[in-house]
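Asks: just a sequence and a predicted model for now, questions to come.
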Amino acid sequence: MRCTLRQLQVFASVARHASYTRAAEELHLTQPAVFAQVKQLEEALGTALIERIGKRLHLTEAGRAVEATARETLEGIERLEMQLADLQGLRRGRLKIAIVSTVQYFLPRLLGEFCTLNPGIEVALTVTNRQTVIARLAANEDDLCILGQPPEGLDVVATPVARNPILLLAPADHPLAGARDVPFAELAEAPFILREPGSGTRAAAERFFADCGVRPRVRMELGSNEAIKEAVAAGLGLAILSQDTMAVEAATRRLVALDVQGFPLMRVWNVAYPRGKHLSVAAAAFLAHLTQGAPSQIASHR
């Protein structure tokens, strides 16, 4: 029986996602390459590991056994790499981080500072949606995850590291641009363009609407902050987005943040990892780097 670590890694990803396509996206491979790796593993083991029933992939009994062993093997190798990196201190090592998409607007600067101070650290950064980050956090797939509020029921250590003010955005020529302390009731009938369900920003908006007793007119749901800003600039509706997304628009003045009662919605970004996890030297150093750069009233809120 001969199989490679790469085959186990690919198979574990396919098993986790129940999808060749999503595994290919995660591993930065083509779908045919992922399929070929799984077939080679099946041939090496002499048994089928995956079966397709309807449109869904399911693990066979042998597949479930191989998936458990693959997960243990890959986790063992990661622990070994972490131990060896710890022995090397910050001279070398690997840091795996998963972030929700909005974090990409402010994290690169902080990550760049850290890498400049520690050039021997290799960073693997996954940028994805909130639901996937939560799944990765629950499965302990990364050293650190950065997201808004971790979900209840997930036993994690969460450290606030940055403010996340959420604004109500409108096109620059909106009639209420420049007005002060506008009651939200004046906008209750306006069309809104919101992030997709499951997004942290969407959840914050929905809590605000519920507190106001308002059911908003949702004209459009989009999974991209940039697409939402383009739609708002085109006059298709108002949006509720993180202030972190507004760096470019602050310079171009295409969009404005309306001064509406209740806004900005004050949230924070958290760095999270499973409780009981042993952080590598690199992960602990990066967490310290983030908290050192955080406003004192955020960093102290633990």
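Replies: That came through, no problem.
Asks: now do T252 against A70, distance only.
Replies: Applying C-beta to C-beta, to the nearest Å, the value for T252 to A70 is 49 Å. In short, each C-beta sits where N, CA and C put it, glycine included.
Asks: no wait, A179
Replies: In terms of C-beta to C-beta, A179 sits 59 Å off from A70.
Asks: neighbour count for the two, which is higher?
Replies: Using other C-beta atoms under 10 Å as the criterion, A179 and A70 rank with A70 on top: 23 against 12.
Asks: toward the C-terminus, what is the element adjacent to the helix or strand containing that one?
Replies: Here A70 sits within helix 61-87, counting by DSSP states H and E. Sequence-wise, the next helix or strand downstream of helix 61-87 (DSSP H and E) is strand 93-100.
Asks: pLDDT of that following strand, averaged?
Replies: Throughout strand 93-100, pLDDT has a mean value of 91.
Asks: buried residues in the following helix or strand past it, which are they?
Replies: The first helix or strand that comes after strand 93-100 along the chain, using DSSP H and E, is helix 107-117. By neighbour count, with 16 or more other C-beta atoms under 10 Å as the criterion, the buried positions of helix 107-117 are 107, 110-111, 114.
Asks: quick one: name whatever helix or strand follows helix 107-117.
Replies: Later in the chain than helix 107-117, the nearest helix or strand by DSSP H and E is strand 121-128.
Asks: quick one: list the elements packing against that following strand.
Replies: Contact partners of strand 121-128 among helices and strands, from 3 or more C-beta pairs under 8 Å, 6 or more residues apart in numbering; DSSP states H and E: strand 93-100, helix 107-117.
Asks: that strand vs strand 93-100, what angle?
Replies: Computed by axes from the mean of the first three to the mean of the last three C-alpha atoms, to 10 degrees, the angle separating strand 121-128 from strand 93-100 equals 20 degrees.
Asks: in strand 121-128, what counts as buried?
Replies: Those would be 121, 123, 125, for strand 121-128 by 16+ other C-beta under 10 Å.
Asks: outside of that strand, which residues touch it?
Replies: 26, 90, 92-101, 103-104, 111, 114-115, 136, 142, 282 (C-beta atoms under 8 Å, 6 or more residues apart in numbering).
Asks: ranges for the strands of the chain?
Replies: 50-53, 56-59, 93-100, 121-128, 144-147, 156-171, 191-195, 217-222, 238-242, 255-257, 265-274 (DSSP state E).
Asks: sheet partners, orientation included, of the last one?
Replies: On the basis of DSSP bridges, the sheet neighbours of strand 265-274 come out as strand 144-147 (antiparallel), strand 156-171 (antiparallel).
Asks: quick one, which of these is nearest to A203?
Replies: Closest to A203 of those is strand 156-171 (C-beta to C-beta; 10.4 Å).
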